[in-house]
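> mind looking at a prediction? Sequence and model below.
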Amino acid sequence: MIYRMRSGAMAYEQRQNKLSSCSNASHNLYRVGITATIEVGYTLYHVSVTCAMTREWKLIKRRYSDFHTLHQKLKSISFQGLSPLLRVPFPRKRFTRDTRKIIIERMRLLKRFTCQLLDFRQHCLHVTMYLRDLIDNFLELRLYRSELLTVLEPSQCDLCSICFERTRVNTTIQILPCRHEYHLNCISQWLILKADCPLCRNPFSSGYLL
């Protein structure tokens, strides 16, 4: 099952064994989206993060237990600046099988928690190295924009291999690590189901928007 969340309304669509929330929420510098796949014995949450300034996007895969571990570590740190982050409602730990209701609730709250985590990271770069590394390692985000700029090279391709239409000026293009390029809307639909390049099938979890 796939669930699409749009403007507070919930629409339902059958497609394999998946649950997804495909909307992106703007939160200061970042846009966040979340999907969830039902694996054998657990649920895996796929969180996409796009930075408006660097144009980098990242797809991280975490189980609820990963979020819970991070939340517990943050609660154990004595730092007043963490108060707004820890006040955000966090889905409670359950000892039953993940139901549809539980997964949808966790998707909503984990997305909100991730937005707040990014907001804290953006405004509190002066915090201790341990806290900064803890958050950066969980989000798998780079800290310095200079690291990203060296990767972006002039494109030699102006044809999207998904829709086979040429890219135009002011069109958002997504570059995968394998250097293949697609329209943002085209590749976004692909990412709902898979995390590999449609052309070369190389797996990926990050890229750049041009």
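Thanks, I have the structure now.

> C-alpha from now on. contacts and neighbour counts both.
Will do.

> now the element after the helix or strand where T69 lies, going C-ward?
Assigned by DSSP states H and E, T69 belongs to helix 64-75. Where DSSP H and E defines the elements, the next helix or strand beyond helix 64-75 is helix 83-86.

> give me the domain ranges for the chain.
Domain assignment for the chain, taken from automatic domain parsing, gives 2-139, 151-209.

> tell me what the helix holding T69 is packed against?
strand 43-51, helix 83-86 (3 or more CA pairs under 8 Å, 6 or more residues apart in numbering; DSSP states H and E).

> and the contacts of that helix?
By CA atoms under 8 Å, 6 or more residues apart in numbering, the surrounding residues in contact with helix 64-75 are 43-45, 82, 86, 93, 106, 110, 138.

> by mean pLDDT, show me the worst of the domains of the chain.
With a mean of 65, domain 151-209 has the lowest mean pLDDT of the domains of the chain.

> angle of the longest helix that the chain contains against helix 64-75?
Longest helix in the chain, counting residues (DSSP state H): helix 100-123. Angle of helix 100-123 versus helix 64-75, following axes from the mean of the first three to the mean of the last three CA atoms, to 10 degrees, is 40 degrees.

> point out the most buried one among the helices and strands packed on helix 64-75.
Most buried of the helices and strands packed on helix 64-75 by mean neighbour count (mean count of other CA atoms under 10 Å) is strand 43-51; its value is a mean of 22.

> that strand: partners in the sheet, and parallel or antiparallel?
Strand pairing for strand 43-51, using DSSP bridges, gives strand 30-38 (antiparallel), strand 56-63 (antiparallel).

> wait, T35 sits on R108?
No: using CA atoms under 8 Å, T35 makes no contact with R108, being 10.0 Å away.

> the more surrounded of those two?
T35 (26 against 16; other CA atoms under 10 Å).

> show me what contacts L118?
By CA under 8 Å, 6+ apart, L118 lies in contact with Y30.
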